[in-house]
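Peer 1: Build the 3D model from these lines:
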Amino acid sequence: MEFSKVIDARYSCRSYLDKEIEDEKIQKILETGRLAPTAKNTQCQKIYVLKDKELIQKIESMKGMFNAPVALIVCGDRERECKRFFTKQSLMETDLSIITTYMMLEATNQGLGSCWVCYFNEAQTKELLGMPENIDPYNILLLGYPDENGTPSPRHFERRDLTDTIIEM
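Peer 2: Residues are numbered from 1 along each chain as shown. You can find the predicted model right below:
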């Protein structure tokens, strides 16, 4: 799909078909995330791929996981994080956001719906999945084939005017 069409087609899907995603599509999404840029190329990500619906449903979140057949738990490895030189601020959150965005766009390119979830119990997820001490869950990217109720919310189409977001100097 042409890149601008991918951008136009992407939305937060909140209802999925009970249909398995082909492994080739999942691998392509993960490979796209692997190629995403990270600060100093530290590649701080660890991504847990959950395909077990019961396990996905055990993760405490605001509204469940919308019946998604796959959940990518995007985590950061504190042993690989990069920090800003002057302020020592961690860049891991930025890196993981870029990686998730790349994967989300590739999911759209593969004909799948996705939803970026930040409202979930990180400590419970870490314990549930037996994550090591240095690994912290940052977000969840749900994947699946959208069902007829998986359409964009009306707010998806509300965008500020470009002139409201740009400051030229």
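Peer 1: Help me confirm that Asn121 comes into contact with Glu127.
Peer 2: No. With contact defined as CB atoms under 8 Å, Asn121 does not reach Glu127; the gap is 9.3 Å. (Each C-beta comes from the backbone N, C-alpha and C, glycine too.)
Peer 1: all helices for this protein, in order.
Peer 2: Counting by DSSP state H, the segments of the chain that form helices are 3-9, 23-34, 53-58, 92-109, 122-128.
Peer 1: Is it possible to get those helices out as CSV so that each row also shows mean neighbour count, distance to Leu162 and mean pLDDT?
Peer 2: Supplementary listing: the helices of the chain in CSV, determined by neighbours: other CB atoms under 10 Å; distance: least, CB to CB, whole Å; pLDDT from 0 to 100:
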stretch, mean neighbour count, distance to Leu162, mean pLDDT
helix 3-9, 11, 15, 96
helix 23-34, 16, 27, 98
helix 53-58, 14, 38, 94
helix 92-109, 21, 20, 98
helix 122-128, 15, 35, 97
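Peer 1: now those as TSV including distance to Cys115?
Peer 2: As requested, the helices of the chain are arranged in TSV below (distance: least, CB to CB, whole Å):
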stretch	distance to Cys115
helix 3-9	14
helix 23-34	14
helix 53-58	12
helix 92-109	9
helix 122-128	16
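Peer 1: Residue nearest the middle of the chain, spatially speaking?
Peer 2: Centroid-nearest residue in the chain: Leu141, 3.3 Å away (criterion: CA atoms, centre = their mean).
Peer 1: Could you tell me how many residues sit around the closest residue to that one other than its chain neighbours?
Peer 2: What sits nearest to Leu141 in space, not counting adjacent residues and going by CB to CB, 6 or more residues apart in numbering, is Leu72, at 4.3 Å. Leu72 is flanked by 25 other residues according to other CB atoms under 10 Å.
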